[in-house]
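Visitor: based on what follows, work out the 3D shape:
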Amino acid sequence: MRRSGTRGAPRWTHGRRARAALLLVVAACAPLAGACKRSTAEAATAQASGSGVYDIPALTEVAFAGTLQAGWKDEGWAARDLKNPGPAKLRLANLGGWMLSKPGIQGEFGGLALRYRAPSSFGDFLEVRLDSEGETLFPRVRVDASHVARRDGEWTQLFIPFEQLNPEKVPFTRIVLRAHKKVGTDWVEVDQWGLTAPGGMTPVEGTAVAQQSQQETASAPKAIVEPVELAYDNGLQPGWADLGWSERELKGPAPAKLRLANKGGWVLHKKGLPVEYGGLTLRYRAPSGFGDFLEVRLDSEGETLFPRIQLSDTYVTTHEGEWTQVFVPMAELNPEKHAFTQLVLRAHKTVGTDWVELNQVGFANVVTPTVAQAPKTASEVGGGRVAFGDAKGAKVVVDCTAPGHRISPLIYGIAFSNLRELKDTHQWELGATARRWGGNPTSRYNWKLGNAWSTANDYFFRNVVLGTSPQYTYESFLQANLQHGLQSALTVPILGWVAKDTSAVAFPKSLFGPQQKMDPDVPEAGNGIAPSGEALSPPPPTQTSVEAPPPFIHEWVRTIREKDKSRGRSVHQYILDNEPMLWNTTHRDVHPEPATYDELLERTIAYGTAVRQADPDAVIAGPAEWGWTNYYNSAADVAPGGNKKDRKAHGNMPLLAWYLKKLAEHEKQTGTRILDVVDVHFYPQGKDMGFEESGGTDPATAALRIRSTRALWDPKYKDESWIEEPVELIPRLKRWIAENYPGRGISIGEYNFGATRHMSGGLAQAEALGRFAQQNITSAFHFTYPPFRSPTFWAFRAFRNFDGKGGRFQDNYVPTKFDKASDAEGMSLFASRSDDGKHVVAVALNLQPDQARNAQVELRGCGKVTSARVLAYSGEPSGFSERKSFFQSGNDMQVLLAPWSMTVLDLTLARD
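Guide: Residues are numbered from 1 along each chain as shown. Here you go, the predicted structure:
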């Protein structure tokens, strides 16, 4: 449906050029495990150094610095060599150690600082503590990554906070270090040891960790490193050449394997690279014994000498198991901003012959998500509400004796988002069962080019690369769904034109002059509106597009089915285009005339036949119409001067009813079934409903958003918008189908209630999923998918994975009925049962913001409850948690529902 004041269809979000693939969270205290527990008090005399990750306070009580300091006495027991000046050499085999003492140590200290060098094979082996002449036992602190302030080549700077060493602030006279495990007999060298001024470790200015620390302090979300030009991404990327010299193995799709012994390396080359990247990103895995061994630099065909950067902890953004991700700022790689064509990585020291693996090499930018993207507390999303007054009672019967039906698994569908597809992962955690490839750009998708489509009126009528990676195609979409066990719904163009490339624009400035708006990224692209506000006459379609007749689609479907022979069916529903009655606005550059009844039918039959012939068992859906106006009328009817003449010329039948009648006649005459599923879109039209994360959340709008779900199913609900009459969408579609083309399924191909980060959006979503199950429709696809751990995310999980262990709504719908109609106001309960009847799962929704509900649930004819779990969600980012607020007796349960909450009853039963 049309959203008030906006298009009821997908759009080119914010109009920014698509950016590339993987998002890598810059760990707040990376790469040091546990580092977030450190004190971050500002150091009194921090040393500004670009070579480290953390600064530490200045040493105010130095025990050793190339030589034993005045007043300090060596009382160590391990074999050692203290030739001055120089590092102290210690043999710490057999749990050896070193102790230095000084009487009368006084002062306020921030911690103990120690700089050492040891064989990498020793791993974490050091322990430090304080001591005294008395009987006090001081904590023994085993040094780990959380104590590492920086690494400079083979040297490691440690900082152990004083609160760990001396939490009771007891007098002491000694500092002790020792090996807490057996190590070899090689020397361990120490060149600095002592106590620091008050304070803790602070990130060095200019490093990724410093940037992250500032964001954490400001309660901002974490920065992310976003690759924008990858040379290698589990395979050499287009345009890049391998010019390396080391032995290597590049069997894609897989990490590149390199042998970097004898200071080997790898060179990757590409011409025409810009100089304005944020930095170089690299993800690698190497034997731990190699230590810090990698060096990176840029290069060119000329004589320019670029800085060589030796990788250390300074550049590490995250560790994931054995894999290390680094980011080197371009300011260090190319401070003079010289042109370059190559990136070079090599070992700067001799290492072994084991493989070094790299699965990602390239250039990236550092970006910061908005605060709104971070998970919220219960109160911030409108949840966790306090009930006012007594809980309202309600009785509801789950009636296993009444006729039920099988629930289609495809009602839990989502749409893919071309701009976030490769950035997010939580779309796979929703429990969604299917994904839809759809939206305005898919009307102009050129499957032969693979990654080309048109943004059309959504964004300056530009042909662009699909999504966030030039390599992403429809095949990537299908493969991802197969990999994650989801079914696929694929939109196929019937508009007749598809993008001819990834760069053409329909209204270029060079042909049409300045326009009302010009693309800030591509100044040649205009919005097709003259400065006066008048729409410009479109150019020939060949300006941006090539013809795509039915054989073009037939070949596409046949190509897919050929690949399916080795992988199984990949497309489970073909959708005939997207919102055809808006083509004359959305795609007016190639289809300026409003579509009519006859054109829709002719294109449906022509292209639907092409799909059916290529895939006889296909499930075909259409017409994917946008909303209320065009359920009834053609675009020609509602165009200026249309006066519903087209509808009157077709027996004054609503468009969808006529469409179904004619397709039924076609099947009867030809024997070819064109349509299996009636597909329409639904967007509530009430004021300020919003879309995806937008939308009002004031009490009135939130309540309206939840009520608006009734337009899907309730004949008594008069739509509270410009529609001003009952929509009763699903019952209406069922009547039209029964009257004109029996046997068709129903799909809500797009829908969204807005405010996905708010409890009102989440409750509306949960209500819709329950109604889809109750109304027995074929499929539904939320547009696109909700933010991670948002209320709308948890609405999906209520039905698909409420306990994080696969607990879900079952496969058979069980009718429910409230004793009193008034009890159903502000509350819903949807029930399901397993095939064997031994498992019942119900989802109860309290749609009231301020009143708790005390629900008595009767299980009629279901069997005796033998065990029960109650899990509830009221806005907490952590999702559903088990609750104890229920009483069970025989076949009855009493459940307390908090205001604005989702509650799952997970019941095991013994059949009577």
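Visitor: contacts, neighbours, all on C-alpha from now
Guide: OK.
Visitor: isn't Ala387 up against Asn854?
Guide: No: between Ala387 and Asn854 there is no contact under CA atoms under 8 Å: 11.8 Å.
Visitor: of the two, who's got more company?
Guide: Higher neighbour count among Ala387 and Asn854: Asn854, with 20 against 16, using other CA atoms under 10 Å.
Visitor: surely the more buried one forms part of a helix?
Guide: No: counting by DSSP: H, G, I helix; E, B strand; the rest coil, Asn854 is located in no helix; its state is strand.
Visitor: contacting residues around it?
Guide: By CA atoms under 8 Å, 6 or more residues apart in numbering, the contact list for Asn854 reads 391-394, 894-897.
Visitor: any idea which of those residues has the most stuff around it?
Guide: Going by other CA under 10 Å, Leu897 tops the contacts of Asn854 with 27 neighbours.
Visitor: give me the distance between that one and Thr324.
Guide: Noted for Leu897: a distance of 46 Å to Thr324, by CA to CA, to the nearest Å.
Visitor: reformat the contacts of Asn854 as CSV; add pLDDT, distance to Ser503 and secondary structure.
Guide: Formatted as CSV, those follow (pLDDT from 0 to 100; distance: CA to CA, whole Å; DSSP: H, G, I helix; E, B strand; the rest coil):
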residue, pLDDT, distance to Ser503, secondary structure
Ala391, 82, 61, coil
Lys392, 89, 61, strand
Gly393, 91, 62, strand
Ala394, 93, 60, strand
Gln894, 86, 62, strand
Val895, 89, 59, strand
Leu896, 88, 58, strand
Leu897, 92, 55, strand
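Visitor: reformat those as TSV; add distance to Asp131.
Guide: Listed next are the contacts of Asn854 as TSV, based on distance: CA to CA, whole Å:
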residue	distance to Asp131
Ala391	62
Lys392	65
Gly393	67
Ala394	68
Gln894	62
Val895	59
Leu896	58
Leu897	58
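Visitor: just name the closest of the residues you listed to Ala755, please.
Guide: Lowest distance from Ala755 to the contacts of Asn854 (CA to CA) belongs to Leu897, with 22.4 Å.
Visitor: ok, and the closest non-adjacent residue to the closest one?
Guide: Leaving out its chain neighbours, the residue that sits closest to Leu897 by CA to CA, 6 or more residues apart in numbering is Arg853, at 5.0 Å.
Visitor: give the contact list for the one you found.
Guide: 391-394, 846, 896-899.
Visitor: rerun that using 10 Å as the cut-off
Guide: Taking CA atoms under 10 Å, 6 or more residues apart in numbering, we find Arg853 in contact with 387, 390-394, 823, 826-827, 845-847, 895-901.
Visitor: from Ala824, how far out is it?
Guide: From Arg853 to Ala824 the distance is 11 Å (CA to CA).
Visitor: any common contacting residues for the two?
Guide: With CA under 10 Å, 6+ apart, Arg853 and Ala824 have common neighbours 394, 846.
Visitor: so what strands line up beside the helix or strand hosting Asp679?
Guide: In this assignment (DSSP states H and E), Asp679 forms part of strand 677-682. Taking DSSP bridges as the criterion, strand 677-682 forms sheet pairs with strand 620-625 (parallel), strand 745-751 (parallel).
Visitor: now the shortest one: average pLDDT?
Guide: Looking back up the chat, that one is strand 620-625. Mean pLDDT, strand 620-625: 98.
Visitor: tell me how far that strand is from the chain's mean position?
Guide: 28 Å (CA atoms, centre = their mean, to the nearest Å).
Visitor: how far does stretch 297-306 stretch from start to finish?
Guide: Using CA to CA, the two ends of stretch 297-306 sit 6 Å apart.
Visitor: residues making contact with it?
Guide: By CA under 10 Å, 6+ apart, stretch 297-306 touches 267-271, 280, 296, 307-310, 328, 330, 332-346.
Visitor: which parts of the stretch 451-600 of the chain are helices?
Guide: 474-484, 509-512, 550-567, 583-586, 597-614 (DSSP state H, counting those that start in this stretch).
Visitor: pull the CA atoms of the fourth one into CSV?
Guide: Pointing back at helix 583-586 there. The C-alpha coordinates for helix 583-586 follow below in CSV (Å, rounded to 0.1, in the frame of the first residue of the first chain):
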residue,chain,number,x,y,z
TRP,A,583,5.7,2.0,-13.8
ASN,A,584,4.7,5.4,-15.3
THR,A,585,6.1,7.2,-12.3
THR,A,586,8.9,4.9,-11.0
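Visitor: where in this protein is pLDDT low?
Guide: 1-52, 204-225, 252, 320-321, 367-375, 884-890, 912 (pLDDT under 70).
Visitor: nearest residue to the middle of this structure?
Guide: Asp424 (2.2 Å; CA atoms, centre = their mean).
Visitor: does Val356 sit in a helix or strand, and which one?
Guide: Per DSSP H and E: strand 355-367 holds Val356.
Visitor: that strand: which residues count as buried?
Guide: Within strand 355-367, the residues that qualify as buried are 355-366, counting by 16 or more other CA atoms under 10 Å.
Visitor: which other helices and strands contact that strand?
Guide: strand 224-233, strand 248-249, strand 256-259, strand 279-285, strand 323-329, helix 330-333, strand 342-347 (3 or more CA pairs under 10 Å, 6 or more residues apart in numbering; DSSP states H and E).
Visitor: what helices or strands is the longest one leaning on?
Guide: In terms of contacts (3+ CA pairs under 10 Å, 6+ apart), strand 224-233 is packed against strand 24-25, helix 208-217, strand 241-242, strand 265-269, strand 279-285, strand 323-329, strand 355-367.
Visitor: could you check how far that strand is from the centre of its chain?
Guide: 17 Å.
Visitor: tell me what angle that strand forms with strand 342-347.
Guide: Relative orientation of strand 224-233 versus strand 342-347 (axes from the mean of the first three to the mean of the last three CA atoms, to 10 degrees): 90 degrees.
Visitor: could you give the angle of strand 224-233 to strand 279-285?
Guide: Following the same axes, to 10 degrees, one obtains 70 degrees for the angle between strand 224-233 and strand 279-285.
Visitor: to Pro616, which of the helices and strands packed on strand 224-233 lies closest?
Guide: Of the helices and strands packed on strand 224-233, nearest to Pro616 by CA to CA is strand 355-367, at 41.2 Å.
Visitor: direction included, what does that closest one pair against?
Guide: strand 224-233 (antiparallel), strand 256-259 (antiparallel), strand 279-285 (antiparallel).
Visitor: Arg797: which of the ones you listed is closest?
Guide: strand 224-233 (26.7 Å).
Visitor: hang on, the earlier thing: so of the helices of the stretch 451-600 of the chain, which one's packed in deepest?
Guide: Stretch with highest mean neighbour count among these: helix 583-586 (a mean of 21; mean count of other CA atoms under 10 Å).
Visitor: so how far is that helix off the chain centroid?
Guide: The answer for helix 583-586 is 31 Å, by CA atoms, centre = their mean.
Visitor: can you tell which of the helices of the stretch 451-600 of the chain is closest to Lys864?
Guide: Per CA to CA, nearest to Lys864 of the helices of the stretch 451-600 of the chain: helix 474-484, 36.5 Å.
Visitor: now for the closest one, which elements pack on it?
Guide: Helices and strands touching helix 474-484, as assessed by 3+ CA pairs under 10 Å, 6+ apart, comprise strand 434-437, strand 487-492, helix 550-567.
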